[in-house]
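> Just need the structure, nothing else, for what follows:
(chains A and B)
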Amino acid sequence: MIKVIALLLGILFFCNCDAQIYVEPIVGFQKDLNKESKLKQINSALNISWKVGRTLEVILQVQRSWPIAYKSSDASYTTNPSLPVYAAANKSISPSALSLLVGQRLKLAGRATNNSLFFTSYLGVSNQQIKVDYSYDKNNYTILNPDKSVNETGLYVSGGLEYMRNLKFGRVFAQLLAGGFIHEDINYPNSFYFLVPLSINVGYSIPVFKKKKHEK
Amino acid sequence: MLVTQYLFLKRRNMKNNNLLFFALLFFFSSTLFSCTQTEFYADSQADGLGIFSNTGNNLMSGYIQNEPWRTRDRKTGGFLGSPTFELNIRKQVTSGSLDNLIFTWYVNPTANNTLNGDISLVLAIPKVFGYKELSALKGQRVALDTLNGYFTFSTPLTNLIKGTGNIFFHDIQIDSISPNNFTGRMSGLLDAKFGSSSILKNGRFDHNIAAAQIQF
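Numbering: from 1, shown residues only, chains lettered A, B, ... in the order given. A predicted model of the protein is given here:
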């Protein structure tokens, strides 16, 4: 993890130090694209963006996905003849994630206007935690095919489109991104997989260092 | 031209050799060595036990005197050995008015997987009981009171002990694939009390049943 952070900082060090720098708080919502998954998250992130050319920005992102608990029930059974053979076991699945990513923002359209369209992509390290909680009579019942909490760290990639509008001070943007672990997998027969989130985010881009006049 | 043709033929020959090598490797590895067909997924709610599942994990596990026990692994027979099964189902014809249907699980304590004990479920069944009637147990919870059936438990260190108990067949399906040849699946829960002291609790089983495991 330390090596990855050092690599990311190294990449940023070699960015043009005179470049326009933006700080960008982002919030959004994301939904898992895995088949039949109903897992959702609130997304938040903080970008530091370096405008290294007319059409290219380099980004360092710290991203946190907050869980929206998905509640459902599994079947549980008992051999105790004095109890009903079946009872529902209430289940709550809470997926969260913390990521450190480097990315790029490549302008596709809108060079001469205040409205621009970018292709944005990120690569980095992510920790995904999917917490499973059950509420049931543990002394008498046994859950059939129970889910289990998982926690994994691995390489993460995401990409998508971003619309940006220049304002008098700063920029606002909306982005549609899809991402996922590159090769991490759950070695347990859970009813879910690691999330492949489709996220819709909005953000505000605050210029923190003004460019010198001759660079405009 | 000739050089190109020579290189092409040489490369194709190498490709064929590789294919032949991997085909032979696959053949010898599948005939010489046996494969494990048991999947053990630890139950986070019950230390040392596998989860209660209905996906064909070929495993029975439970606590005997609060110590985790489980069935031995099912293994395909390679050239060097015969297959091993964790469960055997057979019909025992008796001279009385009822026959016996006997399910035998070959079990070991998790801490000593060479003890070679067994747990049997003996059900009293009518003479006309066939494989189709076995499937009728699906969803049934049966309390064994020694009149309609009983459990037995034995190890090389102990004599065979009879017991009462309960079994719940979450699923049981037996199909005929040819005369006197059957396959199927079964999963469920069980608990038992052997003699005055030994107790089996939190028992759970999940098996895909091969033809060699059923004798009717």
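> Flag every residue of chain B that's near chain A.
B:41, B:43-46, B:51-55, B:141, B:143, B:165-168, B:170, B:188-191, B:202-204 (CB under 8 Å from any CB of the partner chain). All C-beta atoms are positioned from the backbone trio N, CA, C, and that covers glycine.
> Which PyMOL command selects the buried ones in those residues?
Filtering those down to the buried ones (16 or more other CB atoms under 10 Å in any protein chain shown) takes a single PyMOL command:
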select buried, chain B and resi 41+43+45+46+51+52+53+54+141+165+166+167+168+170+188+189+190+191+202+203+204
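> who touches stretch B:154-161?
The contact list for stretch B:154-161, computed with CB atoms under 8 Å, 6 or more residues apart in numbering or on different chains, reads B:Leu115, B:Asn116, B:Gly117, B:Asp118, B:Thr152, B:Phe153, B:Phe194, B:Gly195, B:Ser198.
> what residue is smack in the middle of chain A?
A:Ser65 (5.5 Å; CA atoms, centre = their mean).
> Can you name the residues bridging to the residue of chain B at minimum distance from chain A?
Nearest residue of chain B to chain A: B:Asn166, at 3.9 Å (CB to the nearest CB). With DSSP bridges as the criterion, B:Asn166 is bridged to B:Ala143, B:Asp191.
> can you pull out the helices in the chain?
Defaulting to chain A. With DSSP state H as the criterion, chain A has helices at A:2-13.
> let's do chain B instead
Using DSSP H, helices in chain B cover B:2-32, B:131-135.
> mean confidence score for the shortest one?
Right, helix B:131-135. Helix B:131-135 carries an average pLDDT of 86.
> Flag every residue of chain A that's near chain B.
Proximity of chain A to chain B, by CB under 8 Å from any CB, involves residues A:77-81, A:85, A:134, A:138, A:142-146, A:148-149, A:188-189.
> Could I have the PyMOL command that selects the buried members from the residues you listed?
To isolate the buried members of the residues of chain A next to chain B in PyMOL, using 16+ other CB under 10 Å:
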select buried, chain A and resi 77+78+79+80+85+134+142+143+144+145+146+148
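> how about the strands in chain A?
A:20-32, A:40-51, A:56-68, A:70-77, A:86-109, A:115-135, A:142-143, A:150-166, A:171-181, A:197-209 (DSSP state E).
> If you could redo that for chain B, that was the one I meant.
Assigned by DSSP E, the strands in chain B fall at B:59-64, B:67-71, B:87-92, B:98-109, B:117-126, B:141-144, B:149-155, B:158-178, B:181-194, B:198-209, B:214-215.
> elements contacting the fifth one?
Just to be clear, that refers to strand B:117-126. strand B:98-109, strand B:141-144, strand B:149-155 (3 or more CB pairs under 8 Å, 6 or more residues apart in numbering or on different chains; DSSP states H and E).
> just to revisit the earlier point, export the strands of chain B to JSON lines and append columns for mean pLDDT.
Below are the strands of chain B laid out as JSON lines (pLDDT from 0 to 100):
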{"stretch": "strand B:59-64", "mean pLDDT": "96"}
{"stretch": "strand B:67-71", "mean pLDDT": "96"}
{"stretch": "strand B:87-92", "mean pLDDT": "94"}
{"stretch": "strand B:98-109", "mean pLDDT": "95"}
{"stretch": "strand B:117-126", "mean pLDDT": "94"}
{"stretch": "strand B:141-144", "mean pLDDT": "95"}
{"stretch": "strand B:149-155", "mean pLDDT": "94"}
{"stretch": "strand B:158-178", "mean pLDDT": "92"}
{"stretch": "strand B:181-194", "mean pLDDT": "94"}
{"stretch": "strand B:198-209", "mean pLDDT": "95"}
{"stretch": "strand B:214-215", "mean pLDDT": "88"}
